[in-house]
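> my questions are about this predicted structure, shown below with the sequence.
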Amino acid sequence: MEGAQGTLLDIDHGIYPFVTSSNPTSGGAAPGLGMGPNQIDQVIGVVKSYTTRVGGGPFPAELSDEIGELIRERGKEFGTTVGRPRRCGWVVQYRLSLLDRGATRQCF
């Protein structure tokens, strides 16, 4: 199974009201699929070298300069529906996103 949203968008652990309506973390995967947690033996956390955010909400590591623009252009960070530019910045919540959420392996 695969999740596509970040830890801080989680309805229970994210920064309300800037959350999604589900639990995109590893802890929400099994119940969301109707499985027991004992059926999952590995959680592989994947991190890209920068962070993005769509829409409003706090983003303390946002790069509102030419570096942010360069990351957006090279990473093709634009929304899939209307092509809105995504906000880009540094990765700052690595520990929270991977280690504290139960990743047994990590991929960068």
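Good, I have the coordinates.
> tell me the SS of the residue sitting furthest away from the middle of the chain?
Note on the chain: the largest C-alpha distance from the chain mean falls to Asn38, namely 24.1 Å (CA atoms, centre = their mean). Three-state assignment for Asn38 (DSSP: H, G, I helix; E, B strand; the rest coil): helix.
> please report how far it lies from Gly89.
The spacing between Asn38 and Gly89, counted by CB to CB, to the nearest Å, is 37 Å. The C-beta positions use only the backbone N, C-alpha and C, and glycine is treated the same way.
> just Gln39 next, same as before
35 Å.
> and if you look at Gly36?
37 Å.
> least trustworthy helix or strand in the chain by mean pLDDT?
helix 94 (a mean of 68; mean pLDDT, DSSP states H and E).
> any idea how far the residue nearest to Gly56 when sequence neighbours are not counted lies from Val82?
Leaving out its chain neighbours, the residue that sits closest to Gly56 by CB to CB, 6 or more residues apart in numbering is Phe18, at 6.5 Å. Distance, Phe18 to Val82, by CB to CB: 19 Å.
> more neighbours: which of the two?
Phe18 (14 against 6; other CB atoms under 10 Å).
> for Glu66, see how far away Thr25 is.
On the measure of CB to CB, Thr25 and Glu66 end up 33 Å apart.
> looking at the two, which is more packed in?
When Thr25 is set against Glu66 and neighbours are counted by other CB under 10 Å, the residue ahead is Thr25, at 24 against 8.
> that one touches Gly3, doesn't it?
Yes - shown here, Thr25 and Gly3 form a contact pair, counting by CB atoms under 8 Å, at 7.3 Å.
> where are the low-confidence patches of this protein?
Across the chain, the ranges flagged by pLDDT under 70 are 1-2, 94-100.
> in it, which spans are helices?
Under the criterion DSSP state H, the chain contains helices at 26-33, 66-74, 94.
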